[in-house]
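>>> can't give you the sequence, but here's the structure:
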């Protein structure tokens, strides 16, 4: 059974290239530290390597690095797709094809503004826990995107 993808959207001032840059290379500035694996008090850094097959990663205590996703599509100013390799129990999901997937599109809306739309899908890959995991993210994505303002 397929679980409905989660969708969230925000409109930012500026062109799509700037929104893409903020989402990717500025990830550490807006992603909520409390939603990291290391936790807000121990997170040293979090980011996205800016290229196809780049890692989504964080650095925790004592320089511990944890790669928790992989860039699957890299189209600067237009589209980004990455795996979200964290399970509902916060345990790593080693294989991208067993994890959820996030697609982000950047669309100029006119008057110098850009829509940033997130579609997080593949919840059914987590079995019975997928629906509850999706519901938790129904709060996370809107909150996180608002931090981009």
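Looks like it came in fine. On a predicted model such as this, the values are computed, not experimentally measured, just so you know.
>>> Mind listing residues that contact the top helix by length along the chain?
Longest among the helix segments of the chain by residue count, using DSSP state H, is helix 130-146. Contact with helix 130-146 is made by 3-4, 6, 8-10, 30-32, 35, 87-88, 100, 116, 118, 120, 123-124, 126, as judged by C-beta atoms under 8 Å, 6 or more residues apart in numbering. C-beta: built from backbone N, CA, C; applies to glycine.
>>> Then stretch 60-76?
Contacts for stretch 60-76 (C-beta under 8 Å, 6+ apart): 17, 20, 36-38, 42-44, 48-59, 79-86, 92, 96, 99, 101-103.
>>> 6 Å instead, please
Contact with stretch 60-76 is made by 20, 37-38, 42, 51-52, 54-59, 79, 81-86, 96, as judged by C-beta atoms under 6 Å, 6 or more residues apart in numbering.
>>> just stretch 85-103 next, same as before
So stretch 85-103 is contacted by 68-70, 81-84, 119-122, 125-126, 129, 133 (C-beta under 6 Å, 6+ apart).
>>> So which of those residues is the closest to residue 26?
Proximity of the contacts of stretch 85-103 to residue 26 (C-beta to C-beta) peaks at residue 82, which lies at 15.3 Å.
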